[in-house]
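sharing a model prediction with you, sequence too.
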Amino acid sequence: MVSLRTALLLIGLTAGALGSWYLARQGLGDGEAIPSFDTTQQGYYLKSARILGTGPNGDLLYELQAEDAEQKEDDHVLFTNVLLHYSPQSAVPWRVNADSAIIRRNEDRVLLSGNVRAVSSEGFSGRDTELRTQYLEIDPDNYLAETNERVQIRIGARSLTATGMLASLKENRLELKSNVSGKFAP
């Protein structure tokens with residue numbers, strides 16, 4: 001025989017369990033999804049990233065350093081506060097800084113944007129050279145830099161501005177596309 005006290009305790013526990021089940025069910029309406037964390041999201045985020053690019057023979061060709069690197073959902077990597085320079089063995093004396101860079105999957109170009117500045121002490125005509133633009137695409141394997149944006153170029157004491165440019169960094173050759181104006185000091 002069950003005592004009155006035990007019976008009341010069992011009734012109370014049963015009522016509590018049914019009440020908590022009922023209250024938990026109240027929070028879930030029809031069609032409401034239970035929030036969950038997406039543990040299948042792929043990608044990475046790096047601090048102080050360093051990417052090494054190699055040439056066809058496997059030797060180091062260039063290095064890209066960035067403050068941060070983040071893989072985005074559409075298969076590209078976004079870099080911030082970027083420095084790109086060629087290895088000493090490549091004999092390409094250019095250093096390129098930019099606010100950001102993008103490298104897309106299955107593409108060879110590095111897309112630089114925001115305060116892009118390329119500098120060489122052995123640049124075009126063998127003089128200190130500086131290129132400035134807001135957007136620049138670099139094909140590091142072929143030593144090419146190209147933009148359709150406005151570009152400012154300083155070669156020694158000479159300065160030029162143009163809209164669009166194609167530069168061969170290895171051969172120190174520069175082709176300006178349009179709207180060229182400049183200042184040449186003797």
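Now that the structure is in, tell me what you want to look at. Numbers count the residues shown, from 1 in each chain.

show me what the residue nearest the centre of the chain is bridged to.
Centroid check for the chain by C-alpha atoms, centre = their mean gives residue 78 as the closest residue, at 1.7 Å. For residue 78, the beta-bridge partners are residue 70, residue 102 (DSSP bridges).

who are the neighbours in contact with it?
By C-beta atoms under 8 Å, 6 or more residues apart in numbering, residue 78 lies in contact with 69, 70, 72, 100, 101, 102. All C-beta atoms are positioned from the backbone trio N, CA, C, and that covers glycine.

show me what the host helix or strand of the fourth one is packed against.
It refers to residue 100. In this structure, residue 100 sits in strand 95-104 according to DSSP states H and E. Packed against strand 95-104, as judged by 3 or more C-beta pairs under 8 Å, 6 or more residues apart in numbering; DSSP states H and E, are the following elements: strand 60-71, strand 76-86, strand 110-120, strand 129-139.

relative to strand 110-120, how tilted is it?
Strand 95-104 runs at 170 degrees relative to strand 110-120, counting by axes from the mean of the first three to the mean of the last three C-alpha atoms, to 10 degrees.

which residues touch strand 95-104?
Identification of contacts with strand 95-104 by C-beta under 8 Å, 6+ apart yields 51, 64, 66, 75-85, 109-120, 136, 138, 145.

tell me how far it lies from the chain's centre.
Here strand 95-104 is found 7 Å from its chain centre; the criterion is C-alpha atoms, centre = their mean, to the nearest Å.

pull out the buried positions in it.
When burial is assessed from 16 or more other C-beta atoms under 10 Å, strand 95-104 yields the following buried residues: 96, 97, 98, 100, 101, 102, 103.

what do you get for stretch 120-128?
Buried residues in stretch 120-128, defined by neighbour count with 16+ other C-beta under 10 Å: 120, 123, 124.

chain center to it, what's the gap?
Distance, stretch centre to chain centre, for stretch 120-128: 28 Å (C-alpha atoms, centre = their mean).

list the buried ones in stretch 57-69?
Along stretch 57-69, these residues count as buried under the neighbour rule (16+ other C-beta under 10 Å): 61, 62, 64, 65, 66, 69.
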